[in-house]
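# got a sequence here, can you build the structure:
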Amino acid sequence: MSLPRRAADLVRSWPLFRQLTGPDPLGRGAAVESNGPRDHARTADADTVTRSVCPFCAVGCGQKIYSREGRVTHIEGDPDSPISRGRLCPRGSSSLSLVTSPSRLTRVRYRRPGGTDWEDLELGTAMDMIADRIIESRARTWEDTDGEGRVLRRTLGFAHLGGATLDNEENYLLKKLYTALGAVQVENQARI
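Next comes the predicted model:
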């Protein structure tokens, strides 16, 4: 049984096939090169290159973000970063899909208490709701002193759990905000 010609050509173009049948059995040379275009880099058409930090954990690997006409086109490791020296882990390598995925939520989704359906809210409305709830909870649960008169100046009415997609600067600012509000339970997913 033989493969149709088109399928056979496809199989012959696979790097593994070239490696096993060609002069490069260890896969250290031309056998494992990409079949993509060699004369044009993905980053060549970029209008701007912005240096940033990977958003997935607290390590802070450097990234170069390439964009064209205001849209992100490619993200790769920054070779000038003293932390990662141009390397990214699998999560960092998927940063492009974090910002360009068609399934990314771009609206505020809200489900009312006791509700069964999600509804879309304007960002301003959602921010006002959050601020009102924090202010109310802080006022209701504020502890100025304990039973023996020791100064506490805290609230146990709310806590903050940061996510691993926040960078170090965002986590720093959130820690300052919640400490200023009197919260003592401030944690980050990356430490749990």
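# now do the longest helix along the chain, average pLDDT.
Looking across the chain with DSSP state H, the single longest helix is helix 123-141. Mean pLDDT, helix 123-141: 94.
# low-scoring stretches of the protein, by residue?
Counting by pLDDT under 70, the chain shows low-confidence ranges at 1-4, 31, 34-42, 164, 167, 190-192.
# show me where it has strands.
For the chain, strands defined by DSSP state E occupy the ranges 48-53, 62-68, 71-77, 108-110, 119-121, 142-145, 151-155, 160-162, 186-188.
# quick one: contacts of the last one?
The set of residues external to strand 186-188 that reach it, using CB atoms under 8 Å, 6 or more residues apart in numbering, is 58, 159-164, 166, 171, 174-175, 178-179. No exception for glycine: its C-beta is placed from N, CA and C like everyone else's.
# swap in the second one?
Counting by CB under 8 Å, 6+ apart, the neighbours of strand 62-68 from elsewhere in the structure are 42-43, 45-54, 72-78, 80-81, 83-84, 86, 88, 92, 95.
# switch the cut-off to 6 Å
43, 45-50, 52, 54, 72-76, 78, 81, 84 (CB atoms under 6 Å, 6 or more residues apart in numbering).
# go on, the first one?
Outside of strand 48-53, the residues that reach it under the criterion CB under 6 Å, 6+ apart are G60, Q63, K64, I65, Y66, S67, D78, D167.
# please identify the buried residues of that strand?
For strand 48-53, the neighbour count (16 or more other CB atoms under 10 Å) marks V53 as buried.
# and for the last one?
In terms of neighbour count (16+ other CB under 10 Å), strand 186-188 has its buried residues at V186, N188.
# quick one: strands adjacent to it?
Using DSSP bridges, strand 186-188 pairs in its sheet with strand 160-162 (parallel).
# re earlier: which one of the strands of the chain lies nearest to Q19?
strand 71-77 (25.2 Å; CB to CB).
# that closest one packs against which elements?
On a contact count with 3 or more CB pairs under 6 Å, 6 or more residues apart in numbering; DSSP states H and E, strand 71-77 meets strand 62-68, helix 95-100.
# tell me, how many residues neighbour T125?
By other CB atoms under 10 Å, 12 other residues sit near T125.
# my bad, L166
Count around L166 with other CB under 10 Å applied: 19.
# setting aside sequence neighbours, what's the nearest residue to it?
Leaving aside its sequence neighbours, L166 sits nearest to P55 (CB to CB, 6 or more residues apart in numbering; 6.9 Å).
# hang on, the one you found packs against T165?
Yes - contact criterion CB atoms under 6 Å: P55 and T165 qualify, at 4.8 Å.
# between those two, which one's more packed in?
Neighbour count, other CB under 10 Å: between P55 and T165, P55 has more, with 19 against 14.
# from the contacts of strand 48-53, keep the buried residues only.
Neighbour counting with 16+ other CB under 10 Å marks Q63, K64, I65, Y66, S67, D78, D167 as buried within the contacts of strand 48-53.
# perfect, I'm done here.
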